[in-house]
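Peer 1: return a 3D structure for these sequence lines:
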Amino acid sequence: MIPAVIQRPTFAKTWLICPAEATDTQLGPDGADSRIQRSTLTKLDSTLRTGNRLVRELASAKARAG
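Peer 2: The predicted model follows:
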């Protein structure tokens, strides 16, 4: 028998960036706030921009559109 796999649903996450703070606030699916270091968020953003083909294509199209 193959055990059933229970997967958590995927939720979009919204980050509120406050320049006055060293951390950013995330609004989770349950409305609770959590914090992440800005450096971690910056690294994640950079990774997503360079590693995600769709993001690269959109950035390229935006640059061409001027």
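
Peer 1: which regions of the protein sit below the pLDDT cut-off?
Peer 2: By pLDDT under 70, the weakly predicted segments of the chain are 1-38.

Peer 1: swap in 50 and give it another go.
Peer 2: 22 (pLDDT under 50).

Peer 1: any idea how far Leu41 lies from Leu58?
Peer 2: Per CB to CB, to the nearest Å, Leu41 is found 20 Å from Leu58. C-betas here are computed from N, CA, C, even on glycine.

Peer 1: which of these two has more residues huddled nearby?
Peer 2: Between Leu41 and Leu58, counted using other CB atoms under 10 Å, Leu41 has the larger neighbour count: 15 against 12.

Peer 1: which elements pack onto whichever strand or helix holds the more buried one?
Peer 2: Using DSSP states H and E, Leu41 sits within helix 38-51. In terms of contacts (3 or more CB pairs under 8 Å, 6 or more residues apart in numbering; DSSP states H and E), helix 38-51 is packed against strand 23-27, helix 53-65.

Peer 1: need the residues that contact the longest one.
Peer 2: For helix 53-65, contacts defined as CB atoms under 8 Å, 6 or more residues apart in numbering pick out 48-50.

Peer 1: tell me the one of those residues nearest Gly66?
Peer 2: When those are compared for distance to Gly66 (CB to CB), Arg49 wins out at 19.5 Å.

Peer 1: for the closest one, which non-adjacent residue is closest in space?
Peer 2: Val55 (5.4 Å; CB to CB, 6 or more residues apart in numbering).
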